[in-house]
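>>> starting from these lines, generate the structure:
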Amino acid sequence: MTTAAKVLDARRRRQATRTQTASTTTIRATPWALVRHLEAQFEVGTSHRGPFRFALDVCALRENAKARKFYSPRDNGLAQPWVGGWWCNPPFGKPIPQWLGKARHEAGRGEWGVMLLP
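As a prediction, this is how the structure comes out:
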């Protein structure tokens, strides 16, 4: 096998491993294009300067956070206050009802946000 073929084969194996890992995890990163599209919907009628940006990502990892401020699994977003235009892409599966309950609680306090659900 040539060196180029070995490199290509190694890349294919790494990609296959990433695909298998991604399909078994409950964590999914939201595409930035979708987030920016949603943020643009909130720009209409706002009085602040510059484009609207979500203030808080309540369920994120450092590498996929969609706001400058975010709660990681260690922070436990379910136990934190959600203040000012929050974004939430909760882990898929059984935890979703907990995140919906928390969103309802925060809405009852007058806070608002956007939640991406499967």
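>>> drop to CA atoms for contacts and neighbour counts, all remaining ones
Will do.
>>> skipping its backbone neighbours, what lies nearest the residue most central in space within the chain in space?
Centroid-nearest residue in the chain: residue 89, 4.3 Å away (criterion: Cα atoms, centre = their mean). Once flanking residues are discounted, residue 89 sits nearest to residue 116: 5.0 Å by Cα to Cα, 6 or more residues apart in numbering.
>>> check contacts around the one you found.
By Cα atoms under 8 Å, 6 or more residues apart in numbering, the contact set of residue 116 is 88-90.
>>> go again using 10 Å as the cut-off
Taking Cα atoms under 10 Å, 6 or more residues apart in numbering, we find residue 116 in contact with 30, 35, 87-90.
>>> quick revisit: check what pLDDT the residue nearest to the centre of the chain gets.
Listed pLDDT for residue 89 reads 95.
>>> same question, the one 5 residues further on
The score at residue 94 is 91. That number is its pLDDT.
>>> now residue 73
95.
>>> equivalent analysis for residue 59, please.
The pLDDT attached to residue 59 in the predicted structure is 95.
>>> hang on, it in a strand?
No: assessed with DSSP: H, G, I helix; E, B strand; the rest coil, residue 59 is coil; it does not lie in a strand.
>>> just checking, it touches residue 90?
Yes: counting by Cα atoms under 10 Å, residue 59 touches residue 90, with 6.0 Å between them.
>>> now the strand or helix carrying residue 107, how far from the centre of its chain.
If you go by DSSP states H and E, residue 107 is part of helix 96-108. Its chain's C-alpha centre and that of helix 96-108 lie 16 Å apart, by Cα atoms, centre = their mean, to the nearest Å.
>>> again with stretch 95-103
So, by Cα atoms, centre = their mean, the centroid of stretch 95-103 is 15 Å from its chain's centroid.
>>> quick one: contacts of it?
Here stretch 95-103 makes contact (Cα under 10 Å, 6+ apart) with 26, 58-59, 77-82, 86, 88-91, 104-109, 111-115, 117-118.
>>> now do the helices in this structure.
Under the criterion DSSP state H, the chain contains helices at 3-24, 32-43, 96-108.
>>> pretty sure the residue nearest to the centre of the chain sits against residue 30.
Yes: Residue 89 is within contact range of residue 30, at 7.2 Å (criterion: Cα under 10 Å).
>>> appreciated, that's everything.
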